[in-house]
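# no sequence on this one, just coordinates:
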């Protein structure tokens, strides 16, 4: 299976669920984005590491990193290796004394560890095909986050509980609108509805 390297491109608050966040991973050489809904504690663990903040006492992920460092275990990479019933699965690929072993992990925890170890994150093409969204008409500044970013327009409200009532064309148009507004959770729901229709046709 083809492996694809990912970068963290955004960590955004959920529009529809106040206690949830979406971490958005983007393929390094492409326009596809993989939004993953996570809880507030998991989002905090990722944000703390991304901002290089040092808490007074080690957080759970810092403790785990310290334990791996103490026993000379290197976290070589994180692999998001499966998607079942809307749930992402991940593995930590570790090395000790030349021996490679893998540890099962929640995807949010795996990402938090990847940021702390500064190691690459990979997934497979079939996962991006199933759960990814495509950003269109994005310039380099918008994708990479360098320089001034153009403010995203706020899309009109869409009733995500009645997506089946929208035409395919309307859904495609709204998908691009919510992506530009960085509402990745709604984008994922619209994407799922479009894929459901493709499978039925």
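Yep, it's here. In this text the structure is predicted, and so the values were computed from the model without any measurement.
# all helices of this structure, in order?
In the chain, helices defined by DSSP state H lie at 40-50, 60-70, 107-117, 125-131, 140-144, 168-180, 184-200, listed in chain order.
# now those helices in TSV, with distance to residue 8, mean pLDDT and mean neighbour count?
C-betas here are computed from N, CA, C, even on glycine. Converted to TSV, the helices of the chain look like this (distance: least, Cβ to Cβ, whole Å; pLDDT from 0 to 100; neighbours: other Cβ atoms under 10 Å):
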stretch	distance to residue 8	mean pLDDT	mean neighbour count
helix 40-50	7	89	18
helix 60-70	15	96	14
helix 107-117	7	96	23
helix 125-131	15	93	16
helix 140-144	12	38	12
helix 168-180	17	77	17
helix 184-200	12	78	17
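# for the ones you listed, which one sits closest to residue 79?
Ranking the helices of the chain by proximity to residue 79 (Cβ to Cβ) places helix 107-117 first, at 8.2 Å.
# packing partners for that closest one?
Other elements packing on helix 107-117 under the criterion 3 or more Cβ pairs under 8 Å, 6 or more residues apart in numbering; DSSP states H and E are strand 20-27, strand 32-39, helix 40-50, helix 60-70, strand 74-84, strand 87-96, strand 121-124.
# try 6 Å
Where contact means 3 or more Cβ pairs under 6 Å, 6 or more residues apart in numbering; DSSP states H and E, helix 107-117 is packed against helix 40-50, strand 74-84, strand 87-96.
# so which of the helices of the chain is nearest residue 96?
Residue 96 lies closest, by Cβ to Cβ, to one member of these: helix 60-70, at 8.9 Å.
# ok now the closest one, how far from the chain's centre?
In terms of Cα atoms, centre = their mean, to the nearest Å, the gap separating the centre of helix 60-70 from the centre of its chain is 23 Å.
# so it versus strand 87-96, what angle?
The directions of helix 60-70 and strand 87-96 differ by 30 degrees, with axes from the mean of the first three to the mean of the last three Cα atoms, to 10 degrees as the criterion.
# run the angle between helix 60-70 and strand 74-84 for me.
Using the same axes, to 10 degrees: helix 60-70 against strand 74-84 is 130 degrees.
# helix 60-70 versus helix 40-50: what angle between them?
Counting by the same axes, to 10 degrees, helix 60-70 lies at 50 degrees to helix 40-50.
# which residues does the nearest residue to residue 43 once chain neighbours are set aside bridge with?
Nearest residue to residue 43, sequence neighbours excluded (Cβ to Cβ, 6 or more residues apart in numbering): residue 21, at 3.7 Å. Under the criterion DSSP bridges, residue 21 forms beta bridges with residue 13, residue 38.
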